[in-house]
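>>> this one's structure only:
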């Protein structure tokens, strides 16, 4: 066998459709997968850390089934990778590229340090369908509007996904590994952890099973069903894509096959995949989008950054607006939120409550198990009006009429709101089992009056926009 190679595993917890893994195996020697709990991972919110931990555990099992092993280390990635090279004799380190500014800063430092130590370091594509710097407008620039980018990419011929290895090229002796349980990645979930865990589908096999189910029928109605929060009408690929439990090429080719077979919903599914690409396209070319107003004129807008009682009610799903509260409770219990709900709660926070979108961004960073830095930022700035392809400032979603339109039978609202119900649903009650005791919430409480009514919120928001010349 050839020389050993270290594969630095991050958010690519899969064996198939993994170009970096394929490149590592192609070296011809043993491949040593290592996952590192580094300072960047430590800075993630509670739900992302918890979900990454579940993914690591399931991926370790997948490796063991074909003779591999996942080595776990905690600390500075440059120090760990250098030490692991000395332990194993590996002279090359490979990893899958990420494109948000925090990951780029870390990876640039690690690559420079490895090369200074005389080691080869190479990153590979795989987290996206298209490298952000390769997608260009007709004039050679980057896309600032989604629709032209979609039109340019919708019929792109992409290679077939890499197959999973049948056997692992193992070293003669594995390096020592820390125990995943000792990392306690779910500790900050506290009493919500077992409830949240019961709602997770984890791992490559689960991702592929869900994708196959979706493509066998539900995708046909996706164009309309994706807006109905009380219906299981979406692919639910977001956690699997976020943690790399399924590759974007796998999703693309599945959707492409169904589109060629005449499924109209498959076109919308592919479009949503490119929306994810658009988020990373912007994060690469304009990294300030993850923390600053993409449109600088919004820097002067009088949003509040204070966590007021109204904002706290928004966080706790106690605004008195059923669509908002149902969505916020769904996120607390399951770690995800229906996309229509994400638009509604973001609009309510930034427009009705006149609160800075970054307050919501940080709350989502802490609560979402499908948290993705680029998509999260683009979604919040779209809703707030400060980003590219933004909802216009004068579009203030009315959360009451939105519920009437998309949940007329109140299936979604009843699934998550228990107060005032003689027989609340199990999911609605589970919210109170998952909520922190310090919040002092009970299903027996009276459902609150609106902290801000749709009419009053819209009026105040429009006055603020017009007063600032927007």
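Alright, I've got the coordinates. Since this is a predicted model, take the numbers as computed values, not measurements. Numbering: from 1, shown residues only.
>>> could you look up the SS state of the spatially closest residue to residue 446 that is not a sequence neighbour?
Nearest non-adjacent residue to residue 446, counting by Cβ to Cβ, 6 or more residues apart in numbering: residue 419, 6.5 Å away. C-beta here means a position set from N, CA and C on the backbone, and glycine is covered the same way. Assigned with DSSP: H, G, I helix; E, B strand; the rest coil, residue 419 falls in the coil class.
>>> what's the neighbour count on residue 419?
17 (other Cβ atoms under 10 Å).
>>> residue 223 too?
Counted with other Cβ under 10 Å, residue 223 comes out at 17.
>>> doesn't it lie inside a helix?
Yes: judged by three-state DSSP, residue 223 forms part of a helix.
>>> who's in contact with it?
Neighbouring residues of residue 223 by Cβ atoms under 8 Å, 6 or more residues apart in numbering: 264, 265, 267, 268.
>>> give me that answer again for 7 Å
264, 265, 268 (Cβ atoms under 7 Å, 6 or more residues apart in numbering).
>>> possible to save these as JSON lines with pLDDT and neighbour count?
Shown next, in JSON lines, are the contacts of residue 223 (pLDDT from 0 to 100; neighbours: other Cβ atoms under 10 Å):
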{"residue": "264", "pLDDT": "92", "neighbour count": "14"}
{"residue": "265", "pLDDT": "97", "neighbour count": "23"}
{"residue": "268", "pLDDT": "97", "neighbour count": "17"}
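>>> which ones among those are found in helices?
Using DSSP state H, 264, 265, 268 are the members of those that sit in helices.
>>> quickly note the distance from residue 163 to residue 247.
Computed with Cβ to Cβ, to the nearest Å, the distance linking residue 163 and residue 247 is 11 Å.
>>> residue ranges for the strands of the stretch 1-150 of the chain, please.
For the stretch 1-150 of the chain, the strands defined by DSSP state E, counting those that start in this stretch occupy 5-9, 31-37, 71-74, 92-96, 120-124.
>>> so how far is the third one off the chain centroid?
I take that to be strand 71-74. Distance, stretch centre to chain centre, for strand 71-74: 23 Å (Cα atoms, centre = their mean, to the nearest Å).
>>> let's number from 46 now, not from 1
With the count now opening at 46, the last piece we talked about shows up as strand 116-119.
>>> so which elements touch it?
Packing contacts for strand 116-119, counted by 3 or more Cβ pairs under 7 Å, 6 or more residues apart in numbering; DSSP states H and E, involve strand 76-82.
>>> so what strands line up beside the strand it packs on?
According to DSSP bridges, strand 76-82 forms sheet pairs with strand 50-54 (parallel), strand 116-119 (parallel).
>>> how about low-confidence regions in the stretch 396-515 of the chain?
436-439, 513-515 (pLDDT under 70).
>>> hmm, 50 instead?
Counting by pLDDT under 50, the stretch 396-515 of the chain contains no low-confidence residues.
>>> and the strands paired with strand 76-82, which is most packed in?
strand 50-54 (a mean of 26; mean count of other Cβ atoms under 10 Å).
>>> give me the angle between that one and strand 137-141.
30 degrees (axes from the mean of the first three to the mean of the last three Cα atoms, to 10 degrees).
>>> report the angle between strand 50-54 and strand 165-169.
Going by the same axes, to 10 degrees, strand 50-54 makes 40 degrees with strand 165-169.
>>> pLDDT of strand 50-54, averaged?
Averaging pLDDT along strand 50-54 gives 98.
>>> contacts only, for residue 194.
Contacts of residue 194 (Cβ under 7 Å, 6+ apart): 180, 188, 319, 323, 326.
>>> how about residue 101?
Residue 101 neighbours (Cβ under 7 Å, 6+ apart): 58, 80, 115, 225.
>>> farthest pair in the residues you listed?
Greatest spatial distance among those (Cβ to Cβ): 58 and 225, at 12.7 Å.
>>> can you tell me how far the closest residue to residue 230 other than its chain neighbours is from residue 280?
Among residues not flanking residue 230 along the chain, residue 98 sits closest, at 3.2 Å (Cβ to Cβ, 6+ apart). Separation of residue 98 from residue 280 (Cβ to Cβ) stands at 24 Å.
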